[in-house]
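Student: Here is the input, now give the coordinates:
(2 chains)
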Amino acid sequence: MPILEHPAYPPATLLCLESLVPCRESQVSMLLSIFGERQQLSFPSIFIYGHTSSGKTYVMKTLLNTLQLPHVFVNCVECFTSRLLLEEILIQLQNGSETKQASPVPCDTFNDFVRLFKQALVSQNLQDQTVYVVLDRAEQLREMEANVLPAFLRLQELTDRNVTVILLSEIVWEMFRPNTGCFEPFILYFPDYSIGHLQKILSQNHPPEYSADFYSAYINILLGVFYMVCRDLKELQHLAALNFSKYCEPVVRREAKERDTRKLWKNIEPHLKKAMQTVYLREISSSQWERLQCEEEPGQIKGLSAHTHVELPYYSKFLLIAAYLASYNPVRTDKRFFLKHHGKIKKTNFMKKHEKTSNHLLGPKPFPLDRLLAILYSIVDNRVAPTANIFSQHLLCGHDENWTIY
Amino acid sequence: MYFCLYHRHLLELLKQTAVHGESNSALIIGPRGSGKTALLNRALKDLREMKQVKENLLEVHLNGLLQTNDKVALKEITRQLHLENVVGDKVFGSFAENLVFLLEALRKGDRTSSCPVLFVLDEFDLFVHHKNQTLLYNLFDISQSAQTPVTVIGLTCRQDILELLEKRVKSRFSHRRIYLMNSFAFKQYLRIFKEQLSLPAAFPDKIFAQKWNSNIQLLSEDKTVQDVLQNLFHYSKDLRSLHFLLMLALSNVTVRHPLITASDLQEASKQYRMDSKANIVHGLTVLEICLIIAMKHLNEVYEGEPFNFQMVYNEFQKFIQRKAHCMYNFEKPVVMKAFEHLLQLELVKPIERPSVRSQREYLLMELLLDNNQIMDALQAYPNCPTDVKQWAASSLSWL
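Tutor: Residues are numbered from 1 along each chain as shown, chains lettered A, B, ... in the order given. Here you go, the predicted structure:
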């Protein structure tokens, strides 16, 4: 039984739409009922929020394209100033049905925009249908001039035309609301996909050479490893595509059959764990990853954040140690640690209160160059001549105006 | 409607300018959604239909959101009065000169008086922030001098609007104010609910309209529906929220389900009052939930002082080493990626702007969720591991 029903649109189109948006049928039916028929006025502004890859942009694009509703789609990160944004909307409106590029119309202020928008609607013959203006990554609107967001929410009233503005964002509406209030949009939530939904959607992409069950088992294993850390559909699709060939290796080499789940699991599990440390963190690129997979020996796949062994010269090692000591020890303890015949340090009230917070949690503190050298001279056994050699080795450790250790 | 009194008052004011040629100014003040624009539009509609006013009144509609400075405002006034050709390329010494020229140009040939002009300033509080409040000063100045019959009506949501006006502007304002305060009681609210939902007599399908209207009557007497409306009434009295609720309920009406039921309204109410942050927390991964719980414990121990990533990671490590059985000990960069996702969702915000000097792990932040929200969200979280739940409920973080 079809889930999406609406008297204004032919059932065949709705069935096609339903097949394109799995697990999002209830959101699409709510949108359809708000949109109504083509010529009916809809809610002036709609705000859709949900996690990344919860399908907001995809569902919106699919819905508007399948039902062929006149719309303008703009990404606010791409058009990051109000001028770029307004001009982009006007250009897309003018392009409409024509294939050739319209020349950009200069549009500085929202006042001009309202006028030019009305003219564009007339020239494109769109006065009798609802025109949808979709703004993706709408949280960037907060960074533009203060009048842009409230004006877009009221665009229907300001232009006195049949237009609806749809805002898509990850951030909740409470972080958008201006100080003196605004016209509250219709708020719609796109829930995150559950593990069942993710399984269903990811299993749809199975390559034709293998059976659907085989691929579902693979997706199951993948989700088992990554679900605790990542529920982002796009990331999971990327990981699934990258690691599938490694999963199929035993079957290709005829060491195991498609149903030998234990063997396949033993083969792929260490591989997926390594993937979490490298490809998931984008520390090596996907092409490097694929190349590493093809190598015969289980090579050393380590991310950049793993230790890189570099042999430093003698004095540089001591410089590094001295810098570490200088950034984590408070200045008043220097006298105690580095001088002979030091006294005791009395614990003041301040120190007693802050005993719990270890310096390691607060991060390294900056220190002046003299202090670094003083500590260096005291920790190195033999006499160190302040030659140019020492100073040049400062560069190895990396420096700042006031030094800090990283 | 409940604002019949205001309507009459406003209409009288407008009539004075349009028919008798007197200048005036007034402000309509009320919270968002209280019906200021609706009131003005109704009054203007009635005014335009009057015999003496037809074709005699010029209207200029300005909006603070569109005309962001006085130069743009002046151009817009010129455009709305259709005087672009008359002005042409003239250059004026001051704003006042320009405005006076425009109004002079409206004088008809043989008449001694010129056409009355009505200026409507929407989002009036935004005009107050323009440089020197030039536009407001000039408009009110003209409304006080006897030359051209001009009425200036401002609409604003700010109650303290008079304090924002400069002294010289304030002295030229007539201090006439109309306050729309949503001052109706619950009984009237119920009546409005019935009126809004009922189909008008002009509806083509009479039989259906009859069925629909009697259903609405039944609903308004239903106890559960009254509870839902009472809840909304206590939260926000304005009619915009009521419309939103009714819209949500009406979206369930289809051919198969032709009449609204009480459960539709209850569903709509639940959806309207959803906590959006709780929804976002529902979609987080288990690792991110653990980080939020670690931050909650840090807030409890250090009484709300800001924390950095290193401290949160430390707490998380303590949990993994002592209590966790089903949580795998993830590497630090993986935990960092989860933390940065929380930053991106604005559940955690840095206290000061990140500078080039400080490392990301040591930047001080604060959590934008409170304890109750976290505990409620955890209850609703699907398949939450039991030791994570127990860790959240424990009040002493070092056990």
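
Student: now A:Leu281, what's its secondary structure?
Tutor: At A:Leu281 the chain is in coil, as set by DSSP: H, G, I helix; E, B strand; the rest coil.

Student: Isn't it up against B:Lys337?
Tutor: Yes - under the criterion of C-beta atoms under 8 Å, A:Leu281 is in contact with B:Lys337, at a separation of 6.2 Å. Every C-beta, even on glycine, is put in place using the N, C-alpha and C of the backbone.

Student: neighbours of the nearest residue to A:Asn267 once chain neighbours are set aside, just the number please.
Tutor: Ranked by C-beta to C-beta, 6 or more residues apart in numbering or on different chains and with sequence neighbours excluded, the top spatial neighbour of A:Asn267 is A:Pro250, at 5.4 Å. Using other C-beta atoms under 10 Å in any protein chain shown, A:Pro250 has 18 neighbouring residues.

Student: how many neighbours does B:Gln217 have?
Tutor: Applying other C-beta under 10 Å, we find 12 residues neighbouring B:Gln217.

Student: per-residue confidence at residue 142?
Tutor: Using chain A. With respect to pLDDT, A:Arg142 has a value of 93.

Student: let's do chain B instead
Tutor: For B:Ile142, the predicted pLDDT is 87.

Student: how close does it sit to A:Ile46?
Tutor: Plainly put, B:Ile142 is 42 Å away from A:Ile46 if you go by C-beta to C-beta, to the nearest Å.

Student: cool, and A:Asn243?
Tutor: Counting by C-beta to C-beta, the gap from A:Asn243 to A:Ile46 is 38 Å.

Student: Just the terminal-to-terminal distance for stretch A:119-128.
Tutor: From its first residue to its last, stretch A:119-128 covers 14 Å (C-alpha to C-alpha, to the nearest Å).

Student: Is chain B within reach of it?
Tutor: No - on the criterion C-beta under 8 Å from any C-beta of the partner chain, stretch A:119-128 is out of touch with chain B, staying 13.3 Å away.

Student: tell me which parts of the stretch 1-150 of chain B are close to chain A?
Tutor: B:31-33, B:37, B:63-68, B:72, B:76, B:125-126.

Student: Now go through those residues and say which are in helices.
Tutor: B:37, B:72, B:76, B:125-126 (DSSP state H).

Student: three-state assignment of A:Val74?
Tutor: strand.

Student: mind listing what it touches?
Tutor: Residues in contact with A:Val74 (C-beta atoms under 8 Å, 6 or more residues apart in numbering or on different chains) are A:85, A:88-89, A:92, A:133-136.

Student: between those, which is nearest B:Val281?
Tutor: Distance ranking of these against B:Val281, using C-beta to C-beta, places A:Asp136 first at 23.3 Å.

Student: Would you mind measuring from that closest one to chain B?
Tutor: Distance of A:Asp136 to chain B, computed by C-beta to the nearest C-beta, to the nearest Å: 15 Å.

Student: do A:Leu325 as well
Tutor: For A:Leu325 relative to chain B (C-beta to the nearest C-beta), the value is 18 Å.

Student: my guess is that residue contacts A:Ala374, does it?
Tutor: No - the pair A:Leu325 / A:Ala374 is not scored as a contact, 10.7 Å apart, by C-beta under 8 Å.

Student: Between the two, which is the more surrounded one?
Tutor: The neighbour count for A:Leu325 versus A:Ala374, taken as other C-beta under 10 Å, is higher for A:Leu325 (21 against 14).

Student: a helix runs through the more buried one, doesn't it?
Tutor: Yes - when three-state DSSP is applied, A:Leu325 is found to be in a helix.

Student: which residues does the residue nearest to it when sequence neighbours are not counted contact?
Tutor: Leaving aside its chain neighbours, A:Leu325 sits nearest to A:Ile375 (5.6 Å; criterion: C-beta to C-beta, 6+ apart). Contact analysis of A:Ile375 by C-beta under 8 Å, 6+ apart lists A:322, A:325-326, A:334, A:338.

Student: from those residues, which is closest to chain B?
Tutor: A:Ala326 (16.1 Å; C-beta to the nearest C-beta).

Student: Look up the closest residue to that closest one, ignoring the ones flanking it.
Tutor: A:Phe367 is the one closest to A:Ala326 (C-beta to C-beta, 6+ apart), at 4.3 Å.

Student: Show me what that neighbour is bridged to.
Tutor: With DSSP bridges as the criterion, A:Phe367 is bridged to A:Trp403.

Student: Assess the claim that it and A:Leu325 are in contact.
Tutor: No - under the criterion of C-beta under 8 Å, A:Phe367 is not in contact with A:Leu325, lying 9.4 Å apart.

Student: quick one: A:Gln92 is in a helix?
Tutor: Yes - counting by three-state DSSP, A:Gln92 is found in a helix.

Student: That one and chain B: what is the separation?
Tutor: For A:Gln92, the distance to chain B - C-beta to the nearest C-beta - is 21 Å.

Student: so what's that residue up against?
Tutor: Contacts of A:Gln92 (C-beta under 8 Å, 6+ apart): A:72-74.

Student: which regions of the chain sit below the pLDDT cut-off?
Tutor: All of this is about chain A. A:1-2, A:96-102, A:295-309, A:341-358, A:382-406 (pLDDT under 70).

Student: you looked at the wrong chain, it should be chain B
Tutor: Scanning chain B for pLDDT under 70 picks out the ranges B:1-2, B:54-55, B:107-114, B:146, B:324, B:356-358, B:395-399.

Student: what ranges do the strands span in it?
Tutor: B:24-29, B:58-63, B:117-122, B:150-156, B:177-179, B:348-350, B:365-367 (DSSP state E).

Student: Of these, flag the one that's most buried.
Tutor: When you average the neighbours per residue for each of the strands of chain B (mean count of other C-beta atoms under 10 Å in any protein chain shown), strand B:150-156 leads with a mean of 24.

Student: from the chain's centre, how far out does it sit?
Tutor: Distance, stretch centre to chain centre, for strand B:150-156: 21 Å (C-alpha atoms, centre = their mean, to the nearest Å).

Student: Just give me the neighbour total for the residue of the stretch 151-300 of chain A found nearest chain B.
Tutor: Residue nearest to chain B within the stretch 151-300 of chain A (C-beta to the nearest C-beta): A:Asp192, separated by 3.0 Å. By the criterion of other C-beta under 10 Å, A:Asp192 has 23 neighbours.

Student: I appreciate the help and will end here.
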